[in-house]
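# The sequence isn't on hand, but the structure is:
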């Protein structure tokens, strides 16, 4: 597994909604990018700035935050801890 450096975190995005509350199925082209996910790995932090997040945290982040990467056919986001809005 990838070990992030400095203040970066590796996040597995929550799956996009498959259908609306009323039961309408959402096609792949209309699905919104999920804005929450699970922290898979965290870096060691920066000097004088320890990491707040830890593995297993469920977090909220911005729609355009991070860079999408693929590891063993799975998709993840890697971003700075400061791009995360909060822990759920």
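Okay, I see it. All values derive from a computational prediction rather than experimental measurement. Numbers count the residues shown, from 1 in each chain.

# which stretches of the protein aren't confidently modelled?
Within the chain, the stretches with pLDDT under 70 are 16-21, 26-34.

# now the strands for it?
8-13, 36-42, 58-61, 67-71, 74-80, 84-87 (DSSP state E).

# closest to residue 52 out of those?
strand 84-87 (8.1 Å; Cβ to Cβ). Bear in mind the C-beta positions are built from the backbone N, C-alpha and C, glycine included.

# Now the closest one: buried residues?
residue 84 (16 or more other Cβ atoms under 10 Å).

# same question, stretch 51-65
For stretch 51-65, by 16+ other Cβ under 10 Å, it's 51, 53, 57, 59, 61, 65.

# From those residues, pick the one nearest residue 79.
residue 65 (5.0 Å).

# what are the bridge partners for residue 9, then?
residue 42, residue 79 (DSSP bridges).

# For it, list the residues it contacts.
39, 41, 42, 43, 51, 53, 78, 79, 80, 81, 84 (Cβ atoms under 8 Å, 6 or more residues apart in numbering).

# Distance to residue 2 added to the strands of the chain, as CSV?
Shown next, in CSV, are those (distance: least, Cβ to Cβ, whole Å):
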stretch, distance to residue 2
strand 8-13, 6
strand 36-42, 6
strand 58-61, 17
strand 67-71, 6
strand 74-80, 8
strand 84-87, 17
